[in-house]
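**Q** structure of the sequence below:
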Amino acid sequence: MTVEANKETLGFQTEVKQLLQLMIHSLYSNKEIFLRELISNASDAEDKLRFAALKDEALYEGDSELSIRLDYDKEAGTVTLTDNGIGMTRDDVIANLGTIAKSGTAEFLKQLSGDEKKDSKLIGQFGVGFYSSFIVADKVEVKTRRAGAPANEGVHWESKGDGEFTIEQTEREQRGTEITLHLKSDAKEFADGFRLRNLVKKYSDHISFPVIMKSESEEEDKKGEDETVNDATALWTLPRTEIKDEEYKEFYKHIAHDFEDPLTWSHNKVEGKLDYTSLLYIPKRAPFDLYNREAPRGLKLYVQRVFIMDDAEQFLPLYLRFTKGVIDSNDLSLNVSREILQNDSTVDSIRTAMTKRVLDTLSKLAKKQPEDYQTFWNEFGTVLKEGPAEDFGNREKIAGLLRFATTHTGEATQDVSLDDYIGRMKEGQNKIYYITGDNFSAAKSSPHLEVFRKKGVEVLILSDRIDEWMMTYLSEYDGKQFQDVARGDLDLGEVETEEDKKQQEEAAEEHKSLVERIQNALKDQVQEVRVTKRLTDSPACLVVGQFDMGAQMKKIMEAAGQKVPESKPIFEINVDHPLVQRLEREEGDERFNELSAVLFDQATLASGEQLEDPGAYVSRLNRLLLEMAN
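**A** Below is the predicted model:
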């Protein structure tokens with residue numbers, strides 16, 4: 001760090017350096033996006049001042065007309081954007097312009113491939129705001145002063161995007177922030193009034209503050225006068241019939257700082273017992289911090305069109321945290337705080353309505369635009385799976401939105417709804433069967449599915465880490481119970497014929513002594529041995545007790561450092577299999593016990609669990625191989 005008078009030269013945070021270098025040297029496909037980002041930031045600054053001034057009107061400093069000004073100098077090759085919003089202190093400038101205070105930065109950097117064209121698109125999805133200035137500028141100057149601070153506490157920040165920035169205290173009469181971009185030689189096109197006006201109309205027409213430029217009218221008496229170049233009307237306050245799809249999309253990009261269009265949106269005005277307007281969006285891509293449940297989230301909250309807060313998380317449950325949008329209520333006080341929001345019955349009523357609206361929007365998308373819904377599911381499906389546990393009242397509706405891979409689809413893609421599954425159920429089938437596993441391939445090849453293949457019964461394949469936990473909160477759908485095919489007693493309903501049941505009973509009785517011998521051999525490892533109705537090709541399998549914890553849940557608890565409750569599996573044998581028949585003919589107890597242990601270990605591996613003593617299993621197997629060789 002070097003110091004000249006009160007001027008300091010500081011280094012950017014490492015992540016910012018990497019992002020700046022990527023932006024400066026990449027072939028950014030949409031350079032004009034910088035203006036949308038800067039105007040959005042200016043709009044946020046105006047919003048924040050208006051809210052702060054509710055408690056302290058002196059912050060207006062005699063100027064309550066909030067606006068954003070856009071100027072350019074063709075000869076100097078500069079574009080200047082000025083707002084009279086909240087402004088920044090020296091510490092604010094370092095925090096906001098020297099670092100990226102947004103969770104997910106590290107994850108973002110891991111996504112970089114080294115392909116500049118691909119990586120430049122990632123930048124747009126990440127939403128880097130102010131740093132987009134360096135796409136078009138080789139030097140950026142910021143002059144700012146916090147509202148309410150004395151004039152001599154102005155701050156001048158400057159950088160060429162080369163890893164360092166200078167910052168110094170300066171005299172500044174006007175509150176707010178002024179950003180001057182010194183355009184690169186290949187970006188001089190932006191120092192043009194017609195070009196800038198078009199970009200404001202294209203990207204920022206919906207900003208609720210006026211964007212002002214000097215008039216370039218052909219009429220001499222109007223030339224040089226100030227004029228507003230955007231509509232400056234809060235988009236959500238307009239009737240739906242007056243808003244074009246493109247305007248909805250651009251407003252989404254403004255509030256979400258997203259590069260892509262949303263998948264869908266819902267705009268609704270409620271009058272009566274409650275009075276509020278909502279504009280909700282479903283994004284196309286997941287943010288990098290989606291799985292960080294502590295990350296900032298929520299809707300932009302306005303009360304009577306006055307901005308209150310950015311991340312009002314009280315209006316939607318956590319499992320819908322991907323939703324972006326705005327809510328404007330007339331039923332909350334203007335001095336509303338997070339504490340008041342948490343204890344307000346009006347908020348609870350709006351939250352219930354907002355939750356239903358998001359779920360209805362997703363249902364409509366799934367029905368009318370299944371390909372778009374599949375895009376949504378691929379990005380946000382795992383988060384939606386948190387819903388049954390968090391939202392008891394909407395459990396059935398959430399279940400209808402879930403998508404699964406199945407034994408009938410042949411691939412890992414989760415694209416089968418429960419309604420699809422029920423529509424394909426076999427005659428006599430009255431349960432929804434599913435199996436969980438560490439991955440699709442392991443679950444699909446599980447021996448527990450053998451009888452279902454034989455009967456032609458479809459089984460849902462659940463391979464996400466959250467699935468077993470989710471299913472503990474889903475007991476039924478559309479009046480049909482769920483059954484884990486690897487848990488407890490298997491009930492095939494009327495799919496199982498009377499002849500099947502009779503054969504099962506006869507087999508159990510005929511091989512009763514074999515079951516008892518295996519029970520004695522494995523008494524320390526199993527809670528029960530029984531003849532199977534699940535298997536047709538495999539010699540044995542492990543079954544989880546009806547109320548015991550499955551393998552997925554055990555792994556989740558172990559990863560969280562929690563103690564896993566002890567339980568022993570049920571060991572089922574297929575008495576029609578040659579290995580089991582060979583075992584039954586074995587008279588020597590020692591060899592019988594050893595063969596039983598081999599079968600048990602194989603069943604353990606087939607179930608996706610780890611052996612307690614892999615070395616012992618290998619030794620037993622080697623002894624058997626040597627015997628065969630002799």
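
**Q** any idea how this structure splits into domains?
**A** Using automatic domain parsing, the domain parsing of the chain gives 2-231, 237-378, 403-495, 498-629.

**Q** OK, contacts around the residue nearest to Ile282 when sequence neighbours are not counted?
**A** With sequence-adjacent residues excluded and distances taken as CB to CB, 6 or more residues apart in numbering, Ile282 is closest to Leu263, at 4.7 Å. C-beta coordinates here come from the backbone N, C-alpha and C atoms, glycine included. Contact partners of Leu263, counting by CB atoms under 8 Å, 6 or more residues apart in numbering, are 282-284, 365, 372, 375-376.

**Q** quick one: the strands in the stretch 451-600 of the chain?
**A** 460-462, 476-477, 480-484, 528-531, 540-543, 570-573 (DSSP state E, counting those that start in this stretch).

**Q** just put those strands in TSV and tack on distance to Leu418, mean neighbour count and mean pLDDT.
**A** TSV is the format used below for these (distance: least, CB to CB, whole Å; neighbours: other CB atoms under 10 Å; pLDDT from 0 to 100):
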stretch	distance to Leu418	mean neighbour count	mean pLDDT
strand 460-462	8	25	95
strand 476-477	5	16	95
strand 480-484	9	17	94
strand 528-531	31	18	93
strand 540-543	24	25	92
strand 570-573	28	24	94
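
**Q** pipe those strands into a markdown table and attach distance to Ala76 per row.
**A** Below are the strands of the stretch 451-600 of the chain laid out as a markdown table (distance: least, CB to CB, whole Å):
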| stretch | distance to Ala76 |
| --- | --- |
| strand 460-462 | 62 |
| strand 476-477 | 66 |
| strand 480-484 | 69 |
| strand 528-531 | 85 |
| strand 540-543 | 76 |
| strand 570-573 | 81 |
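
**Q** which one of the domains of the chain lies nearest to Lys385?
**A** Proximity to Lys385, assessed across the domains of the chain by CB to CB, is greatest for domain 403-495 (4.8 Å).

**Q** and the closest one, end to end?
**A** Taking CA to CA, to the nearest Å, the first and last residues of domain 403-495 lie 25 Å apart.

**Q** quick one on the thing from earlier: could I have the buried ones of the contacts of Leu263 as ChimeraX selection syntax?
**A** Buried subset of the contacts of Leu263, written as a ChimeraX selection, criterion 16 or more other CB atoms under 10 Å:
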select :282,283,284,365,375,376
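
**Q** how close does the closest residue to Glu260 other than its chain neighbours get to Thr352?
**A** Among residues not flanking Glu260 along the chain, Lys284 sits closest, at 4.9 Å (CB to CB, 6+ apart). Using CB to CB, to the nearest Å, Lys284 is found at 27 Å from Thr352.

**Q** and if you look at Gln483?
**A** Gln483 is 32 Å from Thr352, where distance means CB to CB.

**Q** over to Asp83?
**A** From Asp83 to Thr352 the distance is 37 Å (CB to CB).

**Q** so those two - more neighbours on which side?
**A** Between Asp83 and Thr352, counting by other CB atoms under 10 Å, Asp83 is the more crowded of the two (28 against 14).

**Q** in the sheet, who's paired with the more buried one?
**A** Beta-bridge partners for Asp83, by DSSP bridges, are Ile68, Thr177.

**Q** mind checking the backbone torsions on Glu227?
**A** phi -140, psi 150 (degrees, to the nearest 10).

**Q** these two touch, right, it and Pro210?
**A** No. If you go by CB atoms under 8 Å, Glu227 and Pro210 don't touch, sitting 9.3 Å apart.

**Q** neighbour count: the two, which is higher?
**A** Legend: neighbour count by other CB under 10 Å for Glu227 and Pro210, higher for Pro210 (18 against 14).

**Q** surely the more buried one meets Asp231?
**A** No. With contact defined as CB under 8 Å, Pro210 does not count as touching Asp231 (9.2 Å).

**Q** contact partners for the nearest residue to Lys431 once chain neighbours are set aside?
**A** Of all residues not flanking Lys431 in the chain, Gln483 sits nearest, at 4.7 Å (CB to CB, 6+ apart). By CB under 8 Å, 6+ apart, the contact list for Gln483 reads 431-434, 490-491.

**Q** of the residues you listed, just say which sits nearest to Asp192.
**A** Using CB to CB, Tyr434 comes nearest to Asp192 of the contacts of Gln483, at 61.0 Å.
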